[in-house]
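Engineer: next comes the sequence, and after it the predicted model I'd like to discuss.
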Amino acid sequence: MDTTIRGLRVVWSAVLGAAVVSAVAAAANAQPAGAGAAAPKVAPRDRNAALEYMTLHEQMDKDMSALVSEEWRPNDADWVPSEKLSLMLEDNQRLVRRIMEASRLPTYDMQLRYEEGFSLVVPHLGHIRQFTRVLVTDARRLALAGRGEEAVERLTAVLRMSRHVIDDRILISSLVAVAVVSASHKQAEHLATEGLLGDRGRREYIRAAKALLTDDPFGVARCLAVERTMARQTIQPFVEGKGNLAGKELAAQLRRLQLSGEGVKAVSGMMEEEAQAQVDLMDRYYAALLAAWGKSDTPTRLADLDKRLQAGDFGVLMKEIGPALSRAHVSVERAINETRAIIALLVAAGEPAPEEDDEHAEQDHTGEQ
């Protein structure tokens, strides 16, 4: 699935570019409704963060973005953004502020086309990763200038963005959330150990970090339930009612999804009944994943499922396309442990007000003041 998404990013770039050009042309040719017509008003809290992110990505200084990526070294304690990049970031503070404002919006709905199954496009995840690089780099710049409170505001915004993309309810979004949270935590750790955090910023970061520690951190269980449905929606139409052509049509669809392994070859010769059995085994695999996730022995269960998957217990089709969750679970658990560790570190740096932390753990995500 990751390969499919990477391939589709090229298609999305072309589609998005055409859409932007069309929208600009339409806006230029639009006629006012009347001389005294007022522009429609949208209350800030009613905005959709997803649309804000898409807009801000289009407005981002491409030279700055490229230099941020070039200099990106979040794990380096001695990382110092160049003077050129620092000046670019200073010149783009309006964009930075708008990204932080978008992260505070309570509504986030990317309106993903889940019905497209494995053909689903997710270009916004690249945007979120780049916003994270910009915010973390700017935080590093500010921290080195002794502006720790401003720095932690940017890191806290990264945590809020991660909670937005978790709401996509697809596995790759949750893994992106894991990656951006880890980058933010690493810089927060640097700030704390270097004594650059004030009490207010420290408390805000603690609240945002605590909000990640839900019953389903990073939303993986929800993702598996959604992807179970998406997998069936991707495969079933090319099997049901296809008779002797079921295997050929299914194999052709899998090749369109950039899959071409032995499983695809095996599927291509199947009749409808055989192909349907593969779909049923696929569904059984997702059910097993859901049953294994979130348990005290999840790593053991997932490792066993990975072995069974490779042994063909869930069919040749699932062996080809099935997500091996063992590594994903390791990443998620690492991020959860990092979250707990940074909370402990920041609490030790100066006790927060307990009632404030507990009562307003969701404050940053809702945007309430």
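Structural biologist: Done, it's in. Keep in mind that what you see is a predicted model, and the values were worked out from it rather than measured.

Engineer: just the C-alphas of stretch 118-129, formatted as CSV.
Structural biologist: This file holds the C-alpha atoms of stretch 118-129, laid out as CSV (Å, rounded to 0.1, in the frame of the first residue of the first chain):
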residue,chain,number,x,y,z
PHE,A,118,-6.2,1.2,-2.0
SER,A,119,-6.3,3.9,-4.7
LEU,A,120,-6.9,6.5,-2.0
VAL,A,121,-4.7,9.6,-2.4
VAL,A,122,-3.2,11.3,0.7
PRO,A,123,-1.1,14.2,-0.5
HIS,A,124,-1.8,16.1,2.7
LEU,A,125,0.5,13.8,4.7
GLY,A,126,3.5,15.2,2.9
HIS,A,127,2.2,18.7,3.7
ILE,A,128,2.0,17.8,7.4
ARG,A,129,5.5,16.4,7.4
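
Engineer: could I get the phi/psi values of Thr107?
Structural biologist: The phi/psi pair for Thr107 (degrees, to the nearest 10) reads phi -100, psi 130.

Engineer: how many residues are close by it?
Structural biologist: 16 (other Cβ atoms under 10 Å). To be clear about C-beta, it is placed using only N, CA and C from the backbone, and glycine gets the same treatment.

Engineer: ok, and what's touching the one helix or strand Ile235 maps to?
Structural biologist: Of the helices and strands defined by DSSP states H and E, Ile235 is found in helix 220-235. Residues outside helix 220-235 that contact it (Cβ atoms under 8 Å, 6 or more residues apart in numbering) are 114-120, 169-171, 173-174, 216, 250, 253, 257, 278-279, 282-283, 286-287, 289-290, 293-294, 317, 321, 323, 328-329, 332.

Engineer: so the residue nearest the centre of the chain, which state does it fall into?
Structural biologist: When Cα atoms, centre = their mean is applied to the chain, the residue found nearest the centroid is Ser173 (3.1 Å). Look at Ser173: counting by DSSP: H, G, I helix; E, B strand; the rest coil, its state is helix.

Engineer: would you mind naming the helix or strand containing the residue nearest to it when sequence neighbours are not counted?
Structural biologist: Using Cβ to Cβ, 6 or more residues apart in numbering and skipping residues adjacent in sequence, the residue nearest Ser173 is Val165, 4.6 Å away. Secondary structure from DSSP H and E places Val165 in helix 148-166.

Engineer: what packs against that helix?
Structural biologist: Helices and strands touching helix 148-166, as assessed by 3 or more Cβ pairs under 8 Å, 6 or more residues apart in numbering; DSSP states H and E, comprise helix 49-59, helix 93-104, helix 124-144, helix 171-193, helix 199-210, helix 363-366.

Engineer: turn these into JSON lines, columns for mean pLDDT.
Structural biologist: Listed next are the helices and strands packed on helix 148-166 as JSON lines, based on pLDDT from 0 to 100:
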{"stretch": "helix 49-59", "mean pLDDT": "97"}
{"stretch": "helix 93-104", "mean pLDDT": "98"}
{"stretch": "helix 124-144", "mean pLDDT": "97"}
{"stretch": "helix 171-193", "mean pLDDT": "95"}
{"stretch": "helix 199-210", "mean pLDDT": "93"}
{"stretch": "helix 363-366", "mean pLDDT": "47"}
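
Engineer: those: which one's closest to Gly241?
Structural biologist: Smallest distance to Gly241 across the helices and strands packed on helix 148-166 (Cβ to Cβ): 29.8 Å, for helix 171-193.

Engineer: okay, now the unreliable bits of this protein?
Structural biologist: Applying pLDDT under 70 to the chain picks out residues 1-43, 323-324, 351-369.

Engineer: run the last query once more with 80
Structural biologist: Within the chain, the stretches with pLDDT under 80 are 1-45, 260-261, 320-326, 350-369.

Engineer: neighbours of the closest residue to Asn75 other than its chain neighbours, just the number please.
Structural biologist: Closest residue to Asn75 apart from its sequence neighbours, by Cβ to Cβ, 6+ apart: Lys186 at 5.9 Å. Neighbour count of Lys186, defined by other Cβ under 10 Å: 17.

Engineer: just checking, Lys186 touches Pro74?
Structural biologist: Yes: in this structure, Lys186 is within contact of Pro74 by Cβ atoms under 8 Å, at 5.4 Å.

Engineer: distance between the ends of stretch 308-321?
Structural biologist: 14 Å (Cα to Cα, to the nearest Å).
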